[in-house]
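>>> Based on what follows, work out the 3D shape:
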Amino acid sequence: MAEKDLDEVMAIERVSFPSPWSRELFKRELQLPLGKAFVAQEISPPQVIGYFCCWLIIPEVHILNIAVHPQKRQRGIGASLLQHGLAYGWQKGGRHFTLEVRRSNYPAIGLYKKFQFQPWGIRRRYYTDTGEDALVMGLHLEEAPSLAWL
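All right, here's what the predicted structure looks like:
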C-alpha cells in the first residue's frame with residue numbers, strides 16, 4: 001500500500017466498518033517501521049479492491065485490518081490477502097499471528113478458521129462505537145504457510 005492508494009482504501013474502509021479508520025491513521029501506519037500494508041488491485045480497470053494491514057513485532061505478527069470492497073467479496077480476495085500476509089510475516093520471522101474481530105463478524109471469523117486461527121479469548125467492550133466484544137484469535141505456525149488452506 002502506498003499513499004496514492006488511500007482514496008480507494010478509504011472508500012472501502014467506509015463501507016466495510018461501522019467505525020472506519022481515518023485517512024490520517026492509514027498514513028501513520030504506512031510510516032511505522034513495524035507496519036506493513038498490502039493492497040489487492042484489479043487490473044482492468046486498475047483499482048484497489050482490498051487491503052491488509054499488520055504490525056511485525058517478531059516473532060508476532062498482529063493483523064490490524066483486512067477488508068475487500070463489498071462488490072468484490074466471495075471471490076477469494078480476502079483469503080488471498082490473508083495468505084499473502086501470513087507468507088510475508090513468516091518470511092520476516094513471524095511465527096505467532098494474532099487479531100481481534102467483532103464477535104458478530106461471522107464471515108471474517110469463518111475465513112480465519114479456514115486458516116486454522118483459533119479463538120484465544122474475548123476483549124470485553126473492545127469496540128467503543130457499539131460496546132461489542134472482540135474475539136481474539138491466534139495462529140502458531142511451525143512451518144511455512146501453505147496454499148492448501150485455500
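>>> C-alpha only now, for contacts and for neighbours.
Noted.
>>> Closest to the centroid, which residue in the protein?
For the chain, the residue nearest the mean C-alpha position is Ile66 (2.8 Å; C-alpha atoms, centre = their mean).
>>> residues contacting that one?
Neighbouring residues of Ile66 by C-alpha atoms under 8 Å, 6 or more residues apart in numbering: Gly50, Tyr51, Phe52, Cys53, Gly78, Leu81, Leu82.
>>> Secondary structure class of it, three-state.
What DSSP: H, G, I helix; E, B strand; the rest coil gives for Ile66 is strand.
>>> Kindly report the same for Pro33.
coil.
>>> got it, and Phe97?
Quick answer, by three-state DSSP: Phe97 is strand.
>>> Can you name the residues in contact with the longest helix belonging to the chain?
Identified as the longest helix of the chain according to DSSP state H is helix 77-91. With C-alpha under 8 Å, 6+ apart as the test, helix 77-91 has contacts from 38-40, 50-52, 54, 56, 61, 66-68, 95, 97, 111, 144-145, 147, 150.
>>> switch to 6 Å and redo it
Helix 77-91 has contacts (C-alpha atoms under 6 Å, 6 or more residues apart in numbering) with Pro145.
>>> Now do Leu135 against Ala87, distance only.
Leu135 sits at a distance of 23 Å from Ala87 (criterion: C-alpha to C-alpha, to the nearest Å).
>>> neighbour-wise, which of these two wins?
Leu135 (22 against 17; other C-alpha atoms under 10 Å).
>>> element containing the more buried one, please.
For Leu135, the element it lies in under DSSP states H and E is strand 132-140.
>>> Which strands border that strand, and is each parallel or antiparallel?
Sheet pairing of strand 132-140 (DSSP bridges) gives strand 96-102 (antiparallel), strand 118-127 (antiparallel).
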